[in-house]
Structure formats: structure tokens, C-alpha cells
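Asker: need a structure here:
(2 chains)
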Amino acid sequence: MNHKIPYPVTDIIAQIRRDIIRMVTAAKSGHPGGSLSSADFMTVLFAEFLEQNPQNWKRHGKDMDMFFLSIGHISPLFYSLLARMGYFPVQELATFRKFGSRLQGHPSIEYGLPGVHVASGSLGQGLSVASGAALGKQLAGDPHKVYVLMGDGESEEGQVWEAAMFAAHNKIGNLTALTDWNRQQIDGPVNKIAGLGDLVAKWQAFGWMVLECDGHNLDAIREAFRESLKPRSKPMMILMHTNMGQGVDFMTGSHAWHGKAPSAEQETLALAQLPETLGDY
Amino acid sequence: MINTGNKDTRSGFGAGLFELGSRNPSVVALCADLTGSLKMAEFAAAFPQRFFQCGIAEANMMGVAAGMAVTGLIPFVGTFAEFATGRVYDQLRQSICYSQTNVKIAASHAGITLGEDGATHQTMEDLALARALPHLTVVNPCDYNQTRLATLAAASWEGPVYLRFGRPSVPNFSPVDGPFEIGKAWMIHPGEDVTILATGHLVWEALEAVMVLAQKGIRAELINIHTLKPLDEEAILASARKTGAVVTAEEHLVAGGLGELVSGLVARHHPVPMRMVAMDEGFGQSGTPRELMNHYELDAAGIVKKVCELR
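Answerer: Numbers count the residues shown, from 1 in each chain, chains lettered A, B, ... in the order given. Take a look at the predicted model:
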């Protein structure tokens, strides 16, 4: 990040977790589980590594890093992160999923929301799109990086593996993919629904550099991102070991919170565990 | 209108793409293991840095093209029309149309004239699928010259374009230098008694039908609707008002094709009797293009027959 953020990252993360709970509760729908599991490493990425100027974000991504959210359903995290980083006013978070809002249920480009390069929501497409953008940067001689966030359940989509082959074959070394490996999907634990097998070995066999990381340990996350910045000719996958619903005790580790809004009582219980740090929107 | 020699429309695409290679450095091409079939080899050889072989992985190819387009490139993705729509409809919808990425979809081997490969590859539904998607411009040129011009025009057109062409060698008769404009119908032959609106390979058949009808004393007006979206409503309605009868001709199912599109238009503004030359229902089969066109009455005789039904 090229500009100064006047808060400690831990404070931003705490506030984002509060925002997620409040947004989903207010909308009476949305996806808190994966939003909470990705919050730590995504905030570190945006606050400390992603080279973007939130006040001057461009959809074409020239002369800046680009980020693609393949798992569009974790829009509560994405929107809160963008707002807290200064891409748009935090007050707008109150419009999440409401009629006329730029904060659509899943990210859209139709309303000109800064931070969104393409729509996402239908799973499995983001890695292909990010690969194309990374090749676009190579053709333009732009040394900036392209990042994409995927889900472990999403890896059941065949297109993910088409893209995995393509990116390795084309030596897309300016591409870093992240998988939020929270081991839960809508219908249950991933290994009970459609087991992924040895995910590390799979990505390695597809020709990728692979890192594993504790996705809730900020120092480990920083170390992984630093490693990803070293010059390479292979795409890199960082598998982030996380817990669905991290930060709220009754949500942690349960697939039940993939796509369910808390009740008013549950919201109170959740917010009691999440300190207000930057001020609620 | 004279046939200057049979040529395949896909070669018109290949020629246009190759020209774009030198003309516009933002043009890139992607192909899913069909470089020869799509006539993209010349571009690939001349501009290797801007050609991306994606292998048999069409869904990924569509997404890669979308990502390239975000960065300002103008990607042309080439595959068979069946795979460019049916196989990747969700990618086309979300990453290209809803995301309004400037991707040009080169859809070859469309329709029944694909011939011997049979129904698995003969899409007769693709125009309906493409038409239904918001933000997608849909162009179905009629011959080599028009396909070349449509390819050049697609590169300058802002937004995603579905460019549909075919496999067989067919008469090449449209003017080499146009004029060709996306969304602007081409008046081929003015007439008074009936309007024939034709698209794609059926335009030459319609021209032959016009000659047969003239011998019967029927002065048919022939208009080429190469762009199904945006539709040149003004040209169609003006002709319908003049002749009071419309026949459409296309290499597609009735469902969602040019005929239904035009019938909706005239029903809203100026209802006239109509007939549709199109495949009624069902899948195709193996055979030569000519055998299949004759069998399904997607030919000059079929057009004459439908015109006579209106008389």
C-alpha cells in the first residue's frame, strides 16, 4: 500500500469483523462464515502489500496491483475492507444488499464501485480472469502483481483446474492466488461433500509454487506474502489454513454459517466478542 | 449480385483478424485447440506474442479473455459456436456480459452447414442464447467479404460481440469494401410485394429465391440482417410497411432466432403476415451442407415456398 493508514492492522481487522456481522444482520442475508475466515490475511494484503491508491483506483489496473475476488459471496468482507481502506465512504456499508445500492449481494461493475474489476459470484471463474489480467500486465510491460482469492469449496469447479494448467503452462509468475482453506461449504464439511484430496500436492503437480500458511497468524501471513514477492516464473498458490466464522465463537468451524444471517440476539452475542476499534459505520 | 467465387466465411474471419494484427497492437487472439479450423494460424504465426493457445478448455479461455480485456486489450476468442455459447454460457454471462468486458467471441462452424460432424457440433440454438444476454452484440455475416468486414468492425465496437460464421465454402458476393456497419441492415434488392429478411448463409439462398420469384411476377425486397442485436428496427419496419408481408430466413431453430425477433418487432409496431424459414424443432444429423439445407428446407426453394404461402 502506497499510502499511510493511521490505524494498527489488528484494529482494522477487528472493526471489519464487526462490520461483517452488522452488515449481514441488517441485510438479513449474506455470507458471514467465509468473510470472517478470510478477514485476517485479506486485511494484511490490502494494508501492507497491495500496491493501490484507494483514492485513484482504476478498473483497467494500469500501473498498480490488481485484486480479483473469485468467491464473490464473501462480499461483506470485501466491501468492509474497501471502505475501511478508503475506496469509498464507510457509511455506504449500511446499504449492503439494499435496493439501489452499489454494494450488490455479489460484486458487480455495473454501479461503478471502486475496487471491483469484474463481477463474481458464480464460482470458479476468478482464477481464469486473474490469469488473463496478469498476461495483460506482462504484455504491457507493467511489473505489478495480480492477486486472486479463491475458496476451497470453489476448487470443486472444473474451470479452476483448467486455469491452473493454463497459468503454469504460460509461466504467469506475476500471479498470486490465495485459497481460504476453511474446510467448510454450504452443505457441510468439504471432505464430506466432495473431498479435495491432497490440495498441496495437487497444486504442485499442476506446476505451481505452493505455500501453506496459518491464515490467522499475522506474522506468518506477512512472511508468505513477502515470499510471494520474490521473482519467479511460476504462478504461486498460498493455501491459507483458516476457520470458517473465525472471531465469533458460535460461528467458528461450522458450515452452518456459510450463508446465514444472525438473528438480533445472535448479533448481540457476536458483537460482544468483537471490539469496536475504528468506530461503527 | 455476382458470386465472385466460393469461399468459407471462417477464412474471412482469419483474414480480418490477421489485418487487425498489424493495424491494432491491442488485438490479441485466443483459441481452444482449433487454430486451423478457425483460420487463426496466420495471426498466430505473425504475432506469436499476442496469440494464446488455451487448449481444450473453453471456460478458462473465456475468463482469460475477460481478464485481458479489463487491462485494455481487445481479445478475440475462437472456437466452435456450440462451445462458444452452450459450453461456456455462464462464463459468457458473468465474466463477459455482466462484467462488460470488451471480448470478441469468434464462433465458427455454426448451424446445420457444419455438415458431416453431425448434431453434437451443429448448434442451431446459439443465436437464441447469444441474443438473450444483455450487453452482447450479435452479428451473423453472410459471406467471406462480410465476415472480414464484421471482424474489423467488431474490433472497433465498444463491448462484447458474438460473431457467428460457418465452415463450408459458399458464394462470396457482398462488396469487398462494404459498406458494413454493425446494426445497420444492408438493402440488397428493393421490391414491392414481399420483404425477405435473411442472415448468414441463407442470404445467398434468398438472392436465388428473389430471382425465382421475379420469374413468377413477385417483386421481392431482400434485406440482409447481419446484426441481430442491435436490430435495425427502422429498416425492417419501413420495409414491412411498404410490402405488407415478411419472410425471414436463417440457419437456426425457430426458437429465439431472427424470425421470432422480427415477429416481436412487427407485432409491436406494424403487424403483417409472416413466415419463417428456419428449423422447426429437433437436432440435425450428418450429411453434406447442401443435403442438409435441402432436407430442412433452409434453401432457395424453401424461401420461395414460404413466400408463396403468403400470396
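
Asker: what is the mean pLDDT for stretch A:247-260?
Answerer: The average of the pLDDT scores along stretch A:247-260 is 96.

Asker: residues contacting residue B:91?
Answerer: Residues in contact with residue B:91, defined by CB atoms under 8 Å, 6 or more residues apart in numbering or on different chains, are A:125, A:128, A:159, B:59, B:62-63, B:66. Bear in mind the C-beta positions are built from the backbone N, C-alpha and C, glycine included.

Asker: Tell me where the chain has strands.
Answerer: Chain wasn't specified; assuming chain A. A:66-69, A:146-151, A:175-181, A:184-185, A:188-189, A:209-214, A:236-241 (DSSP state E).

Asker: wait, chain B
Answerer: Taking DSSP E as the criterion, chain B carries its strands at B:7-8, B:27-31, B:51-53, B:74-80, B:104-108, B:137-139, B:161-164, B:169-170, B:186-189, B:194-198, B:220-224, B:227-229, B:246-253, B:274-279.

Asker: is it possible to export those strands to TSV including distance to residue A:56, mean neighbour count and mean pLDDT?
Answerer: Formatted as TSV, these follow (distance: least, CB to CB, whole Å; neighbours: other CB atoms under 10 Å in any protein chain shown; pLDDT from 0 to 100):
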stretch	distance to residue A:56	mean neighbour count	mean pLDDT
strand B:7-8	48	21	98
strand B:27-31	27	25	98
strand B:51-53	30	20	98
strand B:74-80	25	26	98
strand B:104-108	30	28	98
strand B:137-139	31	26	98
strand B:161-164	31	29	98
strand B:169-170	52	18	98
strand B:186-189	45	18	98
strand B:194-198	49	29	98
strand B:220-224	47	25	98
strand B:227-229	36	24	98
strand B:246-253	47	29	98
strand B:274-279	52	24	98
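
Asker: mind putting the ones you listed in TSV, distance to residue B:153 included?
Answerer: Converted to TSV, these look like this (distance: least, CB to CB, whole Å):
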stretch	distance to residue B:153
strand B:7-8	19
strand B:27-31	13
strand B:51-53	21
strand B:74-80	12
strand B:104-108	10
strand B:137-139	8
strand B:161-164	9
strand B:169-170	20
strand B:186-189	13
strand B:194-198	19
strand B:220-224	14
strand B:227-229	10
strand B:246-253	20
strand B:274-279	25
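
Asker: Going along the chain, name the helices of the stretch 201-311 of chain B.
Answerer: For the stretch 201-311 of chain B, helices defined by DSSP state H, counting those that start in this stretch occupy the ranges B:202-215, B:233-243, B:258-269, B:289-295, B:300-309.

Asker: Put the alpha carbons of the first one into CSV.
Answerer: In this case it means helix B:202-215. Output in CSV follows, covering the C-alpha atoms of helix B:202-215 (Å, rounded to 0.1, in the frame of the first residue of the first chain):
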residue,chain,number,x,y,z
LEU,B,202,-29.2,-18.0,-46.1
VAL,B,203,-28.6,-14.7,-47.7
TRP,B,204,-27.3,-16.2,-51.0
GLU,B,205,-30.2,-18.6,-51.0
ALA,B,206,-32.6,-15.7,-50.6
LEU,B,207,-30.9,-14.0,-53.5
GLU,B,208,-31.6,-17.0,-55.7
ALA,B,209,-35.1,-17.1,-54.4
VAL,B,210,-35.6,-13.4,-55.4
MET,B,211,-34.7,-14.4,-59.0
VAL,B,212,-37.1,-17.3,-59.0
LEU,B,213,-39.9,-15.1,-57.5
ALA,B,214,-39.2,-12.4,-60.2
GLN,B,215,-40.0,-15.0,-62.9
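
Asker: Show me what the residue of the stretch 201-311 of chain B found nearest chain A bridges to in the sheet.
Answerer: Of the residues in the stretch 201-311 of chain B, the one nearest chain A is residue B:229, at a distance of 18.7 Å by CB to the nearest CB. With DSSP bridges as the criterion, residue B:229 is bridged to residue B:138.

Asker: Endpoint to endpoint, stretch B:286-305 covers what distance?
Answerer: Across its full length, stretch B:286-305 reaches 25 Å end to end, with CA to CA, to the nearest Å as the criterion.

Asker: now what about it, what contacts it?
Answerer: Residues lying outside stretch B:286-305 but in contact with it, judged by CB under 8 Å, 6+ apart, are B:112-118, B:167-168, B:196, B:198, B:201-202, B:205-206, B:208-209, B:212-213, B:247, B:249, B:251, B:277-279, B:284-285.

Asker: follow-up on the earlier one: minimum distance to residue B:48: which of the helices of the stretch 201-311 of chain B has it?
Answerer: Relative to residue B:48, the nearest member of these by CB to CB is helix B:289-295, separated by 33.5 Å.

Asker: and the closest one, which residues are buried?
Answerer: By neighbour count on 16 or more other CB atoms under 10 Å in any protein chain shown, the buried set for helix B:289-295 is B:289, B:292-293.

Asker: And for stretch A:274-281?
Answerer: Buried residues in stretch A:274-281 (16+ other CB under 10 Å): A:274, A:277-278, A:281.

Asker: what would the residues you listed look like in TSV with pLDDT and distance to residue A:205?
Answerer: What follows is those, written out as TSV (pLDDT from 0 to 100; distance: CB to CB, whole Å):
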residue	pLDDT	distance to residue A:205
A:274	97	40
A:277	97	43
A:278	96	43
A:281	97	45
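
Asker: from these, which two are the most distant?
Answerer: Pairwise distances among those were taken by CB to CB; the largest, 13.9 Å, belongs to A:274 and A:281.

Asker: circling back: would you turn the contacts of residue B:91 into TSV with pLDDT, distance to residue B:179 and neighbour count?
Answerer: TSV is the format used below for these (pLDDT from 0 to 100; distance: CB to CB, whole Å; neighbours: other CB atoms under 10 Å in any protein chain shown):
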residue	pLDDT	distance to residue B:179	neighbour count
A:125	98	38	31
A:128	98	37	32
A:159	98	40	24
B:59	98	37	26
B:62	98	31	35
B:63	98	35	33
B:66	99	31	31
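
Asker: Of these, just say which sits nearest to residue B:240.
Answerer: Residue B:240 has its nearest neighbour among these in residue B:62, at 37.1 Å by CB to CB.

Asker: Not counting sequence-adjacent ones, nearest residue to the closest one?
Answerer: Spatial nearest neighbour of residue B:62, chain neighbours left out: residue B:91 (3.9 Å); criterion: CB to CB, 6 or more residues apart in numbering or on different chains.

Asker: What pLDDT is listed against the one you found?
Answerer: 98.

Asker: State the distance from it to residue B:154.
Answerer: 19 Å (CB to CB, to the nearest Å).

Asker: ok, which residues in the stretch 201-311 of chain B are in contact with chain A?
Answerer: Taking CB under 8 Å from any CB of the partner chain, no part of the stretch 201-311 of chain B reaches chain A.

Asker: got the CA coordinates for stretch B:87-104 in PDB?
Answerer: Taking Å, rounded to 0.1, in the frame of the first residue of the first chain, the C-alpha atoms of stretch B:87-104 are listed here in PDB:
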ATOM      1  CA  ARG B  87     -20.500 -25.000 -23.200                       C
ATOM      2  CA  VAL B  88     -19.500 -21.700 -21.600                       C
ATOM      3  CA  TYR B  89     -22.800 -19.900 -21.100                       C
ATOM      4  CA  ASP B  90     -22.100 -18.900 -17.500                       C
ATOM      5  CA  GLN B  91     -18.600 -17.600 -18.200                       C
ATOM      6  CA  LEU B  92     -20.000 -15.600 -21.100                       C
ATOM      7  CA  ARG B  93     -22.700 -14.300 -18.900                       C
ATOM      8  CA  GLN B  94     -20.800 -13.300 -15.800                       C
ATOM      9  CA  SER B  95     -17.200 -12.600 -16.800                       C
ATOM     10  CA  ILE B  96     -18.000 -11.100 -20.200                       C
ATOM     11  CA  CYS B  97     -21.500  -9.700 -20.500                       C
ATOM     12  CA  TYR B  98     -22.400  -8.700 -16.900                       C
ATOM     13  CA  SER B  99     -18.800  -7.500 -16.400                       C
ATOM     14  CA  GLN B 100     -19.000  -5.700 -19.700                       C
ATOM     15  CA  THR B 101     -15.500  -6.800 -20.800                       C
ATOM     16  CA  ASN B 102     -14.500  -6.000 -24.400                       C
ATOM     17  CA  VAL B 103     -14.200  -9.600 -25.600                       C
ATOM     18  CA  LYS B 104     -15.000 -10.600 -29.200                       C
END
